[in-house]
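Engineer: output the structure for:
(one chain, ligands or ions: 1)
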Amino acid sequence: MFARHYRRHLSAYAHGELSPGEATRVAAHLDACAACRTEFEETKLGIRLAETLPSVAAPDHIWDGIEAALVRETTGERKRASRLQTFFPSRRRTLGAAFATVLLALLAGGAWLYVRAQRPWWEVARVEGAPRVASGLIDDRGRLRVGEWLETDAASRAEISVANIGQVEVEPNTRVRLVETRLTEHRLELERGTLHARIWAPPRLFFVNTPSAVAADLGCAYTLEVDDAGRGLLHVTSGYVALETEARSAIVPAGAACMTQPGAGPGTPFFEDAPAAFVESLARLDFENDHASLDAVLAGARGKDTLTLWHLLARVGREDRARVYERLAAFAPPPEGVTRDGIVGLDHAMLDAWKTGLEVNWLGESTPAARRVWRGLWR
Ligand SMILES: [Zn+2]
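Structural biologist: A predicted model of the protein is given here:
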């Protein structure tokens, strides 16, 4: 069925070691090939298991030492190889030395990538003003270690390199902490302020904790703000983000936003071009339990607001669910096999089937890769 499979590349893909072009090809293949998908799940499981092995944190100077030694080894071997060539210019020896050099360079390269992926810190760059890490000023560049806080005042900005999978710009008046960096999970905590994230990893590798929900990257770019009361606002500019607590989850595509509040968790996602009155009614419904606001939400919903209506199904009471159903069905009749009783009873298979029919409208300007991620979310 396929000219080639990508089994040998799956480990490198999971580790984020492929070039963007290769990663895109593997991602497209995984979307279409069940055999490779199964193998990829096993690969990720293996990585997770390996990570649960006991480990001790190595001091920074050891990492520096390993990198320096690798560079010395590689360049030293190259010199020896050229000396051999000078003294013994026979074809066989030259080839042998060249082969040894290439092999060593490959080994060194692999080890270097592994070391890089496993580093217990992220690089931080000063963009403006005087950002602080662990309460100390940084020079133009610094390191953010696991457990440390990065803080910007009103006149400071910084940029964080997220392992080898993305970048985070930190706006003024922001406090952010590196919680975890492992091959299968990179996690920040945003206590207050604003950050912009651009992530080019497979979905669900990068997370940001906020006081009331976790933002899980699904391959995307987004802005996340947290105010002094711990309330959050997520804007997605490309791809998708899931905003979640254990009890609730909101899937937010490009062009949409979602609020979150302590005690309530994520609200219902909405497209940002929705009229202000619609968004305000939704916020009252989500966070003030203002039952009457549902009327305004239902009346104000546009065709593309099926994103909001579909999420509302699982968030309102049974009586109201029937009304949401009617409004949603008026925009987009449910597919065959999806019944009113099933939706009102929160039948998960039926909710999924309906969503599959709706999502084409939510994905308007998003990329094929984003569509793939979206489809994979609910499997
Ligand atoms: Zn395959």
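Engineer: pretty sure His235 is touching Ala221, no?
Structural biologist: No - contact criterion CB atoms under 8 Å: His235 and Ala221 do not qualify, at 9.7 Å. Any C-beta I mention is one placed from the backbone N, CA and C, and that applies to glycine too.
Engineer: and the stretch 201-350 of the chain, which of its residues are near the ion?
Structural biologist: Contact residues (CB under 5 Å from the ion) of the stretch 201-350 of the chain with the ion: there are none.
Engineer: low-confidence stretches in the stretch 201-350 of the chain?
Structural biologist: Counting by pLDDT under 70, the stretch 201-350 of the chain contains no low-confidence segment.
Engineer: pick out the residue of it closest to the ion.
Structural biologist: Closest to the ion within the stretch 201-350 of the chain is Pro202: 15.9 Å, counting by CB to the ion.
Engineer: for that residue, give me its contacts.
Structural biologist: Counting by CB atoms under 8 Å, 6 or more residues apart in numbering, Pro202 touches 13-14, 16, 27, 219.
Engineer: could you pull out the strands for the stretch 251-379 of the chain?
Structural biologist: With DSSP state E, counting those that start in this stretch as the criterion, the stretch 251-379 of the chain has strands at 256-261, 265-266, 270-271.
Engineer: mean neighbour count added to these, as JSON lines?
Structural biologist: Output for the strands of the stretch 251-379 of the chain, formatted as JSON lines (neighbours: other CB atoms under 10 Å):
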{"stretch": "strand 256-261", "mean neighbour count": "23"}
{"stretch": "strand 265-266", "mean neighbour count": "24"}
{"stretch": "strand 270-271", "mean neighbour count": "22"}
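Engineer: could I get the phi/psi values of Ala213?
Structural biologist: With angles defined as degrees, to the nearest 10, Ala213 sits at phi -170, psi 160.
Engineer: hmm, which two among the contacts of Pro202 are most spread apart?
Structural biologist: Ala14 and Gly219 (14.3 Å; CB to CB).
Engineer: just to revisit the earlier point, could the contacts of Pro202 go into TSV alongside secondary structure and neighbour count?
Structural biologist: Formatted as TSV, those follow (DSSP: H, G, I helix; E, B strand; the rest coil; neighbours: other CB atoms under 10 Å):
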residue	secondary structure	neighbour count
Tyr13	helix	23
Ala14	helix	22
Gly16	coil	20
Ala27	helix	21
Gly219	strand	24
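Engineer: just the helices in the stretch 251-379 of the chain please.
Structural biologist: For the stretch 251-379 of the chain, helices defined by DSSP state H, counting those that start in this stretch occupy the ranges 276-287, 293-300, 306-313, 318-331, 340-344, 348-362, 368-377.
Engineer: so which of these gets nearest Ala32?
Structural biologist: Closest approach to Ala32 among the helices of the stretch 251-379 of the chain is made by helix 368-377 (9.4 Å; CB to CB).
Engineer: surely Leu298 touches Val324?
Structural biologist: Yes - Leu298 is in contact with Val324 according to CB under 8 Å; the separation is 7.0 Å.
Engineer: who has more neighbours out of those two?
Structural biologist: Val324 (24 against 19; other CB atoms under 10 Å).
Engineer: just list the residues touching that one, thanks.
Structural biologist: Applying CB under 8 Å, 6+ apart, the residues contacting Val324 are 294, 298, 309, 312-313, 316.
Engineer: before we move on, back to that, turn the strands of the stretch 251-379 of the chain into CSV, including distance to Glu225.
Structural biologist: Conversion of the strands of the stretch 251-379 of the chain to CSV gives the following (distance: least, CB to CB, whole Å):
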stretch, distance to Glu225
strand 256-261, 10
strand 265-266, 14
strand 270-271, 16
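Engineer: and the next element down the chain from the helix or strand where Ala221 lies?
Structural biologist: Per DSSP states H and E, Ala221 falls inside strand 214-226. Sequence order places strand 232-244 as the next helix or strand after strand 214-226, per DSSP H and E.
Engineer: given that next one, what are its sheet partners and their directions?
Structural biologist: Neighbouring strands of strand 232-244 in its sheet, by DSSP bridges, are strand 214-226 (antiparallel), strand 249-253 (antiparallel), strand 256-261 (antiparallel).
Engineer: closest one to Ala34 among the ones you listed?
Structural biologist: strand 214-226 (20.4 Å).
Engineer: alpha carbons only: can I get the closest one in CSV?
Structural biologist: Provided in CSV are the C-alpha atoms of strand 214-226 (Å, rounded to 0.1, in the frame of the first residue of the first chain):
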residue,chain,number,x,y,z
VAL,A,214,-3.3,23.4,31.8
ALA,A,215,-2.7,24.4,28.2
ALA,A,216,-1.6,21.4,26.2
ASP,A,217,0.1,22.1,22.8
LEU,A,218,-1.3,20.2,19.9
GLY,A,219,1.1,21.6,17.3
CYS,A,220,0.5,25.4,17.3
ALA,A,221,1.2,29.0,18.1
TYR,A,222,-0.7,30.7,20.9
THR,A,223,-0.8,33.5,23.5
LEU,A,224,-1.6,32.8,27.1
GLU,A,225,-2.4,35.5,29.7
VAL,A,226,-2.9,35.2,33.4
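Engineer: give the contact list for the nearest residue to Glu244 once chain neighbours are set aside.
Structural biologist: Nearest non-adjacent residue to Glu244, counting by CB to CB, 6 or more residues apart in numbering: Val214, 5.4 Å away. The neighbours of Val214, taking CB under 8 Å, 6+ apart as the test, are 207-208, 243-245.
Engineer: next, the contact list for the closest residue to Arg302 other than its chain neighbours, please.
Structural biologist: In space, Arg302 comes closest to Ala274 once its chain neighbours are excluded; the distance is 7.2 Å by CB to CB, 6+ apart. Ala274 makes contacts with 300, 302, 305, 308, as judged by CB under 8 Å, 6+ apart.
Engineer: among these, who's most crowded?
Structural biologist: Thr308 leads the contacts of Ala274 on contacts (other CB under 10 Å) with 26 neighbours.
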